[in-house]
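Enquirer: I need the structure of the sequence given here:
(chains A and B)
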Amino acid sequence: MSRLTRREFTAAAGASAAAFAAPAVAQGKGGRIVVVGGGFGGASAAKYAKMFGGNAVEVTLIEPNKTFYTCPFSNLVLGGLRDIGSIGHGFDAMAKRGVKVVHDSVTGVDHAKKTVTTAGGATIGWDKLILSPGIDFQWGKIKGYDAAAAEKMPHAWKAGPQTVVLRKQLEAMDDGGVVVLAPPGNPFRCPPGPYERASMIAHYLKTKKPKSKVLIVDSKDKFSKMPLFMEGWKKVYGPMIEWIPQKKDGPVTEVDVANNTVITEFGAKHKGAVVNLIPPQKAGDVADIAGVTNKSGWAPVDRRTFASTMQKDVHVIGDASIASPMPKSGFSASSQGKVVAAAAVDALAGKNPADPSFANTCYSLVAPEYGISVAKVYAWQGGKLVGVKGSGGVSPKGAAASFRAEEARYASGWYASIAADIWG
Amino acid sequence: MKLGYGPAAAGLIAAALIAVAPVGALAESSGRNLALSCFSCHGPAGKSPDTIPGIAGKSKAFIVQEMIGFRDGKRKSTVMQRIGKGYSDAEIRALAGYIAGLK
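Expert: Down below sits the predicted model:
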């Protein structure tokens, strides 16, 4: 297709104009799509479902918060490169497109009646339910670490108030202090995230408190983009960042909140002036409420359309889903949200959804002018979702400073673009 | 892509996205699914708000030439060489057709 015919344009423009008149009424081949969660996955799904479905599809987005703070780029807030306001996104543009935005929490899902109920007392009907609840924590997996402990030893793995708590602790810390960062074992949200965080904290310390250090007490032995991070750390921060793999001391199993100390399986104790403990994770609680999670704590899906394998007419996208080989990243979630929106709209129109195509590109900053990336293209081949052979991979090792600087520049470009694509 | 009148421009983009669905069945919807990933870096409908080059308003032939150049290593880049290797000639033509059709 290269251009629209007059007839197609007129029909589509009419549909688009009607999208601004809420509430949309289901007519012809359409229906009601309810999206739960306003993050990378859910907001993408809601926006694109409305764009693809026009006035034939009524789209409701349910998200508790009026502003969604992104985990991507929250490490830059910790490093002092950005303020928290710059990573917050509202839903006004979404509402203007004709998506009904409801700020409330889902407390129940009735699959027989096809409704969700909310804490605010609303009952909302759906023909297709798209769940994008992100993550929640497995409280209790680490002895002594609960929601109260997280106020003293922030996880900051859901961005927003927790990001601010950790940033304030870093600002209040005396020069010469140790920042203990304890990443979880796999799987977890944003595999390179803890290591970008170590980098951004080290950048702040190097600039403001140069006698301090970052100690990473890891619960695994290797991590995403590891050779690139190691190369960058050595080059930029020297001995300021120390990484302890789990094979040395065992995984972190306990915290002593009063003494700001993490304790490993083999009994090693690491006390920090600041402790950032990132606990083990599971699908967001809404996925449990909806009955779409299995024993792993995550949601199994048919990866062609991300339809739940446990409940009919329900899709689960983003971090909550078992999407391997795709990683749990904001880019993955958005990629899934858009393709699943198309699939849901097609299914409501009685059409068989096209095969999916997904991608992921994750930038990490080692320093403000030192960016690295990992990318992959995903395709539906032979009845399976696969990473396309030969595609993607990480930035080259030993690249010139100009290459790293260009990727850092593209990292900020990526953030501006994906934010506009989702919430704009 | 500059249309020159704000809210209506957004409407036209939406209209273009809606309109391609019924045209040409599987090939078109495949092109759409392939192209959706592009917008995460190149901006909504290919209009970039920041440092990454936009792709809105580019012709199908140009996008095909660039993507094949990236894929085959003739066109240097940071990440596009890695991404280009994820697509066949037919897929590149389909996604390029979709993006070019958005204008």
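
Enquirer: ranges for the helices of chain B?
Expert: Taking DSSP state H to define them, one finds helices in chain B at B:6-20, B:25-36, B:39-42, B:60-71, B:80-84, B:89-100.

Enquirer: Tabulate those (TSV), appending mean pLDDT, mean neighbour count and distance to A:Thr305.
Expert: Every C-beta, even on glycine, is put in place using the N, C-alpha and C of the backbone. TSV is the format used below for the helices of chain B (pLDDT from 0 to 100; neighbours: other Cβ atoms under 10 Å in any protein chain shown; distance: least, Cβ to Cβ, whole Å):
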stretch	mean pLDDT	mean neighbour count	distance to A:Thr305
helix B:6-20	45	20	19
helix B:25-36	79	22	11
helix B:39-42	98	26	19
helix B:60-71	98	18	26
helix B:80-84	98	21	23
helix B:89-100	96	22	19
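
Enquirer: Need phi/psi at A:Ala411.
Expert: Per-residue torsions, A:Ala411: phi -60, psi -50 (degrees, to the nearest 10).

Enquirer: Phi and psi next, for the spatially closest residue to it that is not a sequence neighbour.
Expert: Distance criterion Cβ to Cβ, 6 or more residues apart in numbering or on different chains; nearest residue to A:Ala411, sequence neighbours excluded, is A:Tyr363 at 3.6 Å. In this entry, A:Tyr363 is assigned phi and psi values of phi -90, psi 140 (degrees, to the nearest 10).

Enquirer: Count the residues that sit near A:Tyr363.
Expert: 26 (other Cβ atoms under 10 Å in any protein chain shown).

Enquirer: Quick one: the helices in the stretch 51-200 of chain A, in order.
Expert: With DSSP state H, counting those that start in this stretch applied, the stretch 51-200 of chain A shows helices at A:74-78, A:92-96, A:149-152, A:161-172, A:193-208, listed in chain order.

Enquirer: now the helices of chain B in CSV, with distance to chain A?
Expert: CSV is the format used below for the helices of chain B (distance: least, Cβ to the nearest Cβ, whole Å):
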stretch, distance to chain A
helix B:6-20, 4
helix B:25-36, 4
helix B:39-42, 5
helix B:60-71, 7
helix B:80-84, 5
helix B:89-100, 6
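
Enquirer: Distance to A:Arg304 added to the ones you listed, as JSON lines?
Expert: Formatted as JSON lines, the entries for the helices of chain B read as follows, by distance: least, Cβ to Cβ, whole Å:
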{"stretch": "helix B:6-20", "distance to A:Arg304": "21"}
{"stretch": "helix B:25-36", "distance to A:Arg304": "11"}
{"stretch": "helix B:39-42", "distance to A:Arg304": "20"}
{"stretch": "helix B:60-71", "distance to A:Arg304": "25"}
{"stretch": "helix B:80-84", "distance to A:Arg304": "22"}
{"stretch": "helix B:89-100", "distance to A:Arg304": "17"}
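
Enquirer: and the residue in chain B positioned nearest to chain A, what are its phi and psi?
Expert: Scanning chain B for proximity to chain A using Cβ to the nearest Cβ identifies B:Gly86 as nearest, at 2.4 Å. Backbone geometry at B:Gly86, expressed as degrees, to the nearest 10, gives phi -90, psi 0.

Enquirer: Let me know whether it touches A:Val388 as I believe.
Expert: Yes: the pair B:Gly86 and A:Val388 qualifies as a contact (Cβ atoms under 8 Å) at a distance of 4.2 Å.

Enquirer: what do those two both touch?
Expert: Both B:Gly86 and A:Val388 are in contact with A:Lys376, A:Val377, A:Tyr378, A:Ala379, where contact means Cβ atoms under 8 Å, 6 or more residues apart in numbering or on different chains.

Enquirer: ok, and of the residues you listed, which contact chain B?
Expert: The residues of those that also fall near chain B, by Cβ under 8 Å from any Cβ of the partner chain, are A:Lys376, A:Val377, A:Tyr378, A:Ala379.

Enquirer: Look up how far A:Val340 lies from the nearest residue to A:Gly176 once chain neighbours are set aside.
Expert: Sequence neighbours aside, A:Lys211 is the residue nearest to A:Gly176 in space, at 4.2 Å (criterion: Cβ to Cβ, 6+ apart). Computed with Cβ to Cβ, to the nearest Å, the distance linking A:Lys211 and A:Val340 is 50 Å.

Enquirer: More neighbours: those two, which one.
Expert: Between A:Lys211 and A:Val340, counted using other Cβ under 10 Å, A:Val340 has the larger neighbour count: 31 against 10.

Enquirer: which stretch among the helices of the stretch 51-200 of chain A comes nearest A:Ala182?
Expert: When the helices of the stretch 51-200 of chain A are ranked by proximity to A:Ala182, the top entry is helix A:193-208, at 8.5 Å, counting by Cβ to Cβ.

Enquirer: Kindly export the closest one (C-alpha atoms) in CSV.
Expert: Listed next in CSV are the C-alpha coordinates belonging to helix A:193-208 (Å, rounded to 0.1, in the frame of the first residue of the first chain):
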residue,chain,number,x,y,z
GLY,A,193,19.1,-2.2,35.0
PRO,A,194,21.0,-2.9,38.2
TYR,A,195,24.3,-2.5,36.4
GLU,A,196,23.3,0.8,34.8
ARG,A,197,22.2,1.9,38.3
ALA,A,198,25.7,1.0,39.7
SER,A,199,27.1,3.1,36.9
MET,A,200,24.9,6.1,37.5
ILE,A,201,25.4,6.0,41.3
ALA,A,202,29.2,5.8,40.7
HIS,A,203,28.9,8.8,38.4
TYR,A,204,27.3,10.8,41.1
LEU,A,205,29.8,9.7,43.7
LYS,A,206,32.8,10.3,41.4
THR,A,207,31.5,13.9,40.9
LYS,A,208,30.4,14.7,44.4
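
Enquirer: so that helix versus helix A:161-172, what angle?
Expert: Helix A:193-208 runs at 30 degrees relative to helix A:161-172, counting by axes from the mean of the first three to the mean of the last three Cα atoms, to 10 degrees.

Enquirer: Quick one: list the elements packing against the following helix or strand past helix A:193-208.
Expert: Per DSSP states H and E, helix A:193-208 leads on to strand A:213-217 as the next helix or strand towards the C-terminus. For strand A:213-217, the elements it packs on are strand A:178-182, helix A:193-208, strand A:241-244, judged by 3 or more Cβ pairs under 8 Å, 6 or more residues apart in numbering or on different chains; DSSP states H and E.

Enquirer: buried ones in strand A:213-217?
Expert: Under the neighbour-count criterion of 16 or more other Cβ atoms under 10 Å in any protein chain shown, strand A:213-217 has A:Lys213, A:Val214, A:Leu215, A:Ile216, A:Val217 buried.

Enquirer: so the first one bridges to which residues?
Expert: I take that to be A:Lys213. For A:Lys213, the beta-bridge partners are A:Val178 (DSSP bridges).

Enquirer: Closest residue of chain A to chain B?
Expert: A:Val377 (2.4 Å).

Enquirer: Next one: that residue from B:Ile83, what distance?
Expert: For A:Val377, the distance to B:Ile83 equals 6 Å [Cβ to Cβ].

Enquirer: Show me whatever sits in contact with both of these two.
Expert: Common contact partners of A:Val377 and B:Ile83 (Cβ under 8 Å, 6+ apart): A:Ala359, A:Ser391, A:Gly392.

Enquirer: Let's see which of the residues you listed end up in strands.
Expert: In strands, defined here by DSSP state E, the members of the shared contacts of A:Val377 and B:Ile83 are A:Ala359.

Enquirer: among the shared contacts of A:Val377 and B:Ile83, which are within reach of chain B?
Expert: The residues of these that also fall near chain B, by Cβ under 8 Å from any Cβ, are A:Ala359, A:Ser391, A:Gly392.

Enquirer: any idea how far A:Val164 is from A:Arg404?
Expert: In this structure, A:Val164 and A:Arg404 are separated by 29 Å, where distance is defined by Cβ to Cβ.
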